[in-house]
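K.L.:
Got a predicted model here, sequence first, then my questions.
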Amino acid sequence: MSTTTAGHLIVGQLERAGVKRVYTVPGESFLDVLDGLHGSPIQNVVARQEGGAGFMALAEGRLTGLPGVAMVTRGPGAANAFIAIHTAHQDATPLILFVGLIPVADRGRESFQEFDINAWFGSTAKKVVTLDDAASAARVVDDAIFTALSGRPGPVVIGLPEDVLVHVVPDATVEPRKGARPEPVAADLDELNQKLSTARKPLVVVGGEGWTQESGEQLAAWASRNSVPVVADFRAYDAVPHRSDAYAGFLGYGRSDANAERLDDADLLVFVGCVRGDVLSDGYKRGLDAETVVVNADANLLGHFGRVDQHIIADVTAFASALAATNTAGERAEGWFASARADQLAFSTPQPDGGIGVDLGVAMEVLKKEMDADAVLTFGAGNHALWPARYLDHNSADSLAAPRNGAMGMGIPAAVAASLAYPGRQVISVAGDGCFMMNGQEIATAMGYGAKFIVLVVDNGIFATIREHQEAHYPDRPSGTHMTNPDFAALARSYGGYGERVDRTEDFAAAFRRAVDSGLPALLHLPQDPTTRSPKTSTN
């Protein structure tokens, strides 16, 4: 049998698993893995900061069905990457983080960049393992991919002692284990249909990972036939197509008051792929009294709050397919289905916001007309995200990469990953000024690897979400929320991309077209009235 090193075997196993890209910031602690990537069909995308690399990998895991893979070095590198692990954990997104470690013999001596990988990541990752046995490298990688995808998806962290990586081992990858995609049993569907047949105000809540175009279409078609409104969990807006007359909008931050009341009014809640968590329920306050069915592959229902009358352990795609073959006889409350859709259409119709600078309501109306039907949207966290979440449609699967845990700085790295994963699709990122400045340097990564996207930087000069809380609790006492910003358009041009400042609302449409036509990573700098906190509408 031929031999190789443990570092090269790790790369070989990733290749066999179908991994197309890894996102790295290089370090001397995993040189042998980097050497294995030399000449590998796996693209090594070198990011500018470990947080950016982690967010790129998280977006890859969100959008492609395989765990995203990031590689960073020990100590400071691992610390920077921690934000992606926390996000993947709370978002339930598959992610593999390889962390280079000190040599085995140096442990416990407070050696250069030493840290306890289990203590750091043990409460946040699904599994943390250190590769102390070089011969098991392929098996450890395969187990990490299987674990990240199985049940409730999430992150797995693998520590790589630098001396173990160069050990010579048999060159033998392993057959990748296939993750289980449990299907609902007939008795479970019968019980669910019995509940649906007597429900006057049933409501389906979709979310989580694993949705495909087919499964989203199937569930939406079933809901339309059976007069059941469908709402999406926070930042799971691409689970079902918005063009369906069953789609009634979303829950969580920025939701309509109508949907908050609808959650309370429902007499049957069916959660598919998600659970009744904090954000969805307005802080564990809404939707608590209804009969509750949870369809989820996680046997433990991590993060679910309140009653569970039926738990169907099933993959969302398998469940949608099985449900599509059924019809539920039942008499719905008058107007329950139609009003849900009508409320959503009113809520998602852009309205001018007013104020100085570029009116985001008008800008979103332009985007709804100009953007490609299968465009991928990315954004981070902050008030800027309220506009695309509310106004922009998702009719294609895998068309949103945004943090459900509220992590700032994800939008630009996610746009890089989305463009590399789907080079034929348009990618649009909406960024707040504070959010952009956390990882905006990854435009350099986009230039280096041919990623193309359009980013709208909403510049109001403040951390608007925090300022809004200050105004509510400490009026007239702003503190620590002002920002001094650069010329964002000039910054984009300095990287070699396209940059343009747009000061007037009426100039936005033409500027967006120029950005599209540039064929480069493009940035439109949009000054906004700092007093504007959220979209305005006559229907809420």
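P.N.:
All right, it came through fine.

K.L.:
And Leu189, how far from Phe55?
P.N.:
38 Å (C-beta to C-beta, to the nearest Å). Using the backbone N, CA and C atoms, a C-beta is placed for each residue, glycine as well.

K.L.:
May I ask which helix or strand encompasses Leu302?
P.N.:
Assignment of secondary structure by DSSP states H and E places Leu302 within no helix or strand.

K.L.:
just how off-centre is the helix or strand of the chain with the lowest mean pLDDT within its chain?
P.N.:
Every helix and strand of the chain was ranked by mean pLDDT, DSSP states H and E. The lowest is helix 464-473, at a mean of 89. Distance of helix 464-473 from its chain centroid, counting by C-alpha atoms, centre = their mean, to the nearest Å, is 25 Å.

K.L.:
Same check on stretch 345-356?
P.N.:
Centroid separation for stretch 345-356 versus its chain: 25 Å, with C-alpha atoms, centre = their mean.

K.L.:
Residues contacting it, please?
P.N.:
242, 249, 256, 258, 359-362, 364-365, 368, 390-391, 393, 527-529, 531-532, 535-540 (C-beta atoms under 8 Å, 6 or more residues apart in numbering).

K.L.:
what about it, start to end distance?
P.N.:
With C-alpha to C-alpha, to the nearest Å as the measure, stretch 345-356 spans 27 Å from end to end.

K.L.:
Gly303 and Asn405: what is the separation?
P.N.:
For Gly303, the distance to Asn405 - C-beta to C-beta - is 11 Å.

K.L.:
hang on, the earlier thing: can you go through the contacts of stretch 345-356 and name the buried ones?
P.N.:
For those, a burial check counting by 16 or more other C-beta atoms under 10 Å picks out 242, 249, 256, 258, 359-362, 364-365, 390-391, 393, 527-528, 532, 535-537.

K.L.:
contacting residues around Asn460?
P.N.:
357, 432-433, 527-530, 532.

K.L.:
Columns secondary structure, pLDDT and distance to Asp315 on top of those, output as JSON lines?
P.N.:
JSON lines is the format used below for these (DSSP: H, G, I helix; E, B strand; the rest coil; pLDDT from 0 to 100; distance: C-beta to C-beta, whole Å):
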{"residue": "Gly357", "secondary structure": "strand", "pLDDT": "87", "distance to Asp315": "45"}
{"residue": "Gly432", "secondary structure": "strand", "pLDDT": "95", "distance to Asp315": "35"}
{"residue": "Asp433", "secondary structure": "helix", "pLDDT": "94", "distance to Asp315": "40"}
{"residue": "Pro527", "secondary structure": "strand", "pLDDT": "93", "distance to Asp315": "46"}
{"residue": "Gln528", "secondary structure": "strand", "pLDDT": "89", "distance to Asp315": "42"}
{"residue": "Asp529", "secondary structure": "coil", "pLDDT": "87", "distance to Asp315": "45"}
{"residue": "Pro530", "secondary structure": "coil", "pLDDT": "86", "distance to Asp315": "45"}
{"residue": "Thr532", "secondary structure": "coil", "pLDDT": "86", "distance to Asp315": "42"}
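
K.L.:
what residue ranges in the protein are flagged as low confidence?
P.N.:
Regions of the chain meeting the criterion pLDDT under 70 cover residues 537-540.

K.L.:
Contacts for the host helix or strand of Asp264 next, please.
P.N.:
Assigned by DSSP H and E, Asp264 belongs to helix 257-265. If you take C-beta under 8 Å, 6+ apart as the criterion, helix 257-265 is touched by 201, 203, 229, 231, 248-251, 269, 281-282, 286-287, 289, 340, 343-344, 347, 539-540.

K.L.:
Please, where are all the helices along the stretch 351-500 of the chain?
P.N.:
360-370, 386-391, 411-421, 433-439, 443-449, 464-473, 488-494 (DSSP state H, counting those that start in this stretch).

K.L.:
Quick one: the ones you listed as CSV, columns for distance to Glu162 too.
P.N.:
Below are the helices of the stretch 351-500 of the chain laid out as CSV (distance: least, C-beta to C-beta, whole Å):
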stretch, distance to Glu162
helix 360-370, 47
helix 386-391, 43
helix 411-421, 26
helix 433-439, 27
helix 443-449, 25
helix 464-473, 41
helix 488-494, 36
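
K.L.:
Of all the ones you listed, which one comes closest to Lys178?
P.N.:
Set against Lys178 and scored by C-beta to C-beta, those come closest in helix 411-421, at 21.8 Å.

K.L.:
ok now the closest one, how far from the chain's centre?
P.N.:
That offset, for helix 411-421, works out to 11 Å (C-alpha atoms, centre = their mean).

K.L.:
what do you get for stretch 360-376?
P.N.:
20 Å.

K.L.:
quick one, what contacts His86?
P.N.:
By C-beta under 8 Å, 6+ apart, the contact list for His86 reads 124, 405, 407.

K.L.:
one more time with 6 Å, if that's ok
P.N.:
Neighbour list for His86: Thr124 [criterion: C-beta atoms under 6 Å, 6 or more residues apart in numbering].

K.L.:
Tell me which of the helices of the stretch 351-500 of the chain sits most buried.
P.N.:
Mean neighbour count (mean count of other C-beta atoms under 10 Å) peaks for helix 411-421 among these, with a mean of 30.

K.L.:
That one - contacts with which helices or strands?
P.N.:
helix 50-64, strand 376-379, strand 427-432, helix 433-439 (3 or more C-beta pairs under 6 Å, 6 or more residues apart in numbering; DSSP states H and E).

K.L.:
Look up phi and psi at Val22.
P.N.:
For Val22, the backbone dihedrals (degrees, to the nearest 10) come out as phi -130, psi 150.

K.L.:
what about it, distance to Gly54?
P.N.:
Separation of Val22 from Gly54 (C-beta to C-beta): 12 Å.

K.L.:
between the two, who's got more neighbours?
P.N.:
A side-by-side neighbour count of Val22 and Gly54, using other C-beta atoms under 10 Å, places Gly54 first with 32 against 26.

K.L.:
So the more buried one sits against Phe82, correct?
P.N.:
No - counting by C-beta atoms under 6 Å, Phe82 is not a contact partner of Gly54; they are 8.0 Å apart.

K.L.:
quick one: secondary structure of the nearest residue to Ala324 once chain neighbours are set aside?
P.N.:
For Ala324, ignoring the flanking residues on the chain, the nearest one in space by C-beta to C-beta, 6 or more residues apart in numbering is Gln218 at 4.0 Å. The three-state label given to Gln218 by DSSP: H, G, I helix; E, B strand; the rest coil is helix.

K.L.:
Counting neighbours, what do you get for Gly12?
P.N.:
20.

K.L.:
ok, now Pro521?
P.N.:
Close neighbours of Pro521, defined as other C-beta under 10 Å, add up to 30.

K.L.:
Surely it touches Tyr498?
P.N.:
No - taking contacts as C-beta under 6 Å, Pro521 lies outside contact range of Tyr498: 7.2 Å.

K.L.:
about what we covered before: between Leu189 and Phe55, which is the more surrounded one?
P.N.:
Set Leu189 next to Phe55 and count neighbours by other C-beta under 10 Å: Phe55 wins out with 38 against 18.

K.L.:
got the residue ranges for the helices in the stretch 151-300 of the chain?
P.N.:
Under DSSP H, counting those that start in this stretch, the stretch 151-300 of the chain gives helices at 162-165, 186-198, 213-225, 257-265.

K.L.:
Any buried residues in the shortest one, and which?
P.N.:
What it means is helix 162-165. Buried residues in helix 162-165, defined by neighbour count with 16+ other C-beta under 10 Å: 162-165.

K.L.:
How about residues contacting that helix?
P.N.:
Under C-beta under 6 Å, 6+ apart, the answer for helix 162-165 is 6-7, 29, 32, 100, 103-104, 131, 134.

K.L.:
so which of these would you say is closest to Ala464?
P.N.:
Nearest to Ala464 among the contacts of helix 162-165, with distances taken as C-beta to C-beta, is Gly100, at 38.1 Å.
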